[in-house]
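**Student:** Model the structure of this input:
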Amino acid sequence: MRRYTVSLLLLLVLIGLWELATPLLAAPDEPQHLVKAAAVARGEWIGRGEQVGPITRVSLPAGFTEISAFPRCFAFKPRRSAACTPPVTAHGGPAVEVGTTAGRYPPAYYALTGLPTLVVQGVASDRAARVVSGLLCALLLAAAITWCAGDLAALAVLFAVTPMVLFLSAVVNPSGVEVAAAVASWAALIRLVRDQGPVRRKQLLALTAVLSALVLARPISPLWLLLIAGCVGVLAPRTRLVELARARGVQLAAAVVIALAACQTAWVVIAQSTRLFGKPVHVSRSTALDRLLSPTHIEHLGSQMIGRFGWLDTAAPLLTQWVWAVLGVVVLVVGLASGRPRARVAVLLALALAVLVPALVEASSFPRIGYWWQGRYSLPLAVGVPLLALAGRRPPRRLLQAFVALLAAGVAVGEEAAFANTLARYTVGTGHGLGLGAVHWQPPLPPLVLVVGFGLAVLAWAAWSSYLALHPTTA
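**Tutor:** Just a heads-up that it's a prediction; the model follows:
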């Protein structure tokens, strides 16, 4: 319990600081998701749809009409600070129609994040909804690293929680919960197949909760769980799989998750959740697949998984990208060099799926709507690669200490660089300095306090993750 509590507190601080450093509604499609959340909380799960496209219209208090216009003055304009935003309002008013492109999405995530909008209305409700979303993500990520305690997989969680994961956790966007639930699902299933003996009831309840959170997060989430289970199944000895398949508690947990996945899939089909807008590209699907599997495109998606903030207009600094690229190679080398054959196959399979599945999904609709896949959509699969690579590995002691120190220090430096760079983009605009003194946009806390506070928090998070990796029983 102590391991979980400390992990949760550290993650809440990190996510909370990202939330304060990010202007309201300054995340991908955050206005659309906030409108959807407010509508679901008021009983409108879809709204009134149009014949073509994903847009639906819902009835909300008039204060919500200001939401879509709020970020327009700085979105996609990284050299412009967020000082141009109008005053934040929290008023309601009579019911009016408001459009959202997220109206057809499954309602589970929005039912929770929309609750605060019943009390705080208008633009100001975004911060309250962010608190709920951030708490959900912190609960899931804390469970993941707690399950990995005593194993190098704890460092894999540290590495998997890229700056982009923290950013998504701090805003209103179901991708944040989806990625956090995926990290927890990978950790829980790996722990399940590596343990010996019967599964405890508490472990089964927690496992059912995180797997359910994953399948209910986004339209494509049930597919991610299926692929995650397949990769972990390759890792597991056959005798353990048979033992788990015969356990009544495991059967019941599987039945609950499968039922929820079926309900989610039915919603996606009936509500047509996968309707998308886009610009047609008149090429064959095979040609599209060649483009999507090119090294340039794969590198583009990889950089987005590390960090592409705001309205995808602010990339993580080169230092952060190099840190994750170098550490990623190191993690793969350690995993492939020290793992058993079955473990190596699982790592390579997860890596291949993280590249191929997004390309196949996007290629299926490429001629109709062109490029639409973003790196964050690949994260639920990609985060499993370091977990599979490091779970159960134990290099010689001298190499182990050097590896832990390298990974912890690298992640801390990369996270801090990404945070400070993104904050400066909003306080003074990209290319105008660090934005710690005289600023154009003032976040709720002084920029210097945010940057120093985040640096201390991320050092504590890296140190705690290292401690969990090396101390299985006393943490």
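
**Student:** Leaving out chain neighbours, which residue sits closest to C231?
**Tutor:** In space, and not counting its chain neighbours, C231 is closest to A350: 4.6 Å by Cβ to Cβ, 6 or more residues apart in numbering. Placement of C-beta: from N, CA and C, glycine included.

**Student:** Pull out the buried residues from stretch 274-294.
**Tutor:** Neighbour-count burial for stretch 274-294 flags 275, 288-289, 291-292 (criterion: 16 or more other Cβ atoms under 10 Å).

**Student:** Now intersect these with the helices, please.
**Tutor:** Among these, DSSP state H puts 288-289, 291-292 in helices.

**Student:** Spatially, what comes nearest to A405 if we skip its sequence neighbours?
**Tutor:** S466 (7.7 Å).

**Student:** The one you found: neighbour count?
**Tutor:** S466 has 20 neighbouring residues, counting by other Cβ atoms under 10 Å.

**Student:** Tell me the secondary structure of it, please.
**Tutor:** helix (DSSP: H, G, I helix; E, B strand; the rest coil).

**Student:** Quickly note the distance from it to S185.
**Tutor:** Distance of S466 to S185, given as Cβ to Cβ, to the nearest Å: 23 Å.

**Student:** do the same with G392
**Tutor:** G392 is 18 Å from S185, by Cβ to Cβ.

**Student:** neighbour count winner among these two?
**Tutor:** S185 (30 against 16).

**Student:** any idea which helix or strand carries that one?
**Tutor:** helix 174-194 (DSSP states H and E).

**Student:** just how off-centre is the lowest-mean-pLDDT helix or strand in the chain within its chain?
**Tutor:** Every helix and strand in the chain was compared by mean pLDDT, DSSP states H and E; the lowest is strand 48-49, with a mean of 80. Relative to the centre of its chain, strand 48-49 is centred 29 Å away, using Cα atoms, centre = their mean, to the nearest Å.

**Student:** Give me the contact list for that strand.
**Tutor:** 55-58, 103-104 (Cβ atoms under 8 Å, 6 or more residues apart in numbering).

**Student:** go with 7 Å
**Tutor:** 56-57, 103 (Cβ atoms under 7 Å, 6 or more residues apart in numbering).

**Student:** could I get these as CSV with neighbour count, distance to A254 and pLDDT?
**Tutor:** Putting the contacts of strand 48-49 into CSV (neighbours: other Cβ atoms under 10 Å; distance: Cβ to Cβ, whole Å; pLDDT from 0 to 100) gives the following:
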residue, neighbour count, distance to A254, pLDDT
T56, 25, 34, 88
R57, 18, 39, 91
G103, 29, 32, 89
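
**Student:** can I get the residues you listed in JSON lines with distance to A170 and secondary structure?
**Tutor:** Output for those, formatted as JSON lines (distance: Cβ to Cβ, whole Å; DSSP: H, G, I helix; E, B strand; the rest coil):
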{"residue": "T56", "distance to A170": "26", "secondary structure": "strand"}
{"residue": "R57", "distance to A170": "28", "secondary structure": "strand"}
{"residue": "G103", "distance to A170": "24", "secondary structure": "coil"}
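
**Student:** what's around the residue nearest to P71 when sequence neighbours are not counted, how many residues?
**Tutor:** Spatial nearest neighbour of P71, excluding adjacent residues (Cβ to Cβ, 6+ apart): L25 at 4.6 Å. When neighbours are counted by other Cβ under 10 Å, L25 registers 27.

**Student:** helix or strand for L25, which one?
**Tutor:** Per DSSP H and E, there is no helix or strand for L25.

**Student:** Repeat that for W373.
**Tutor:** Short version, using DSSP H and E: W373 is in no helix or strand.

**Student:** likewise the one 5 residues further on?
**Tutor:** According to DSSP H and E, S378 maps onto helix 375-382.

**Student:** list the buried ones in that helix?
**Tutor:** 375-382.

**Student:** Dump those residues to JSON lines, plus distance to S303.
**Tutor:** Formatted as JSON lines, these follow (distance: Cβ to Cβ, whole Å):
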{"residue": "G375", "distance to S303": "7"}
{"residue": "R376", "distance to S303": "12"}
{"residue": "Y377", "distance to S303": "14"}
{"residue": "S378", "distance to S303": "12"}
{"residue": "L379", "distance to S303": "13"}
{"residue": "P380", "distance to S303": "18"}
{"residue": "L381", "distance to S303": "17"}
{"residue": "A382", "distance to S303": "12"}
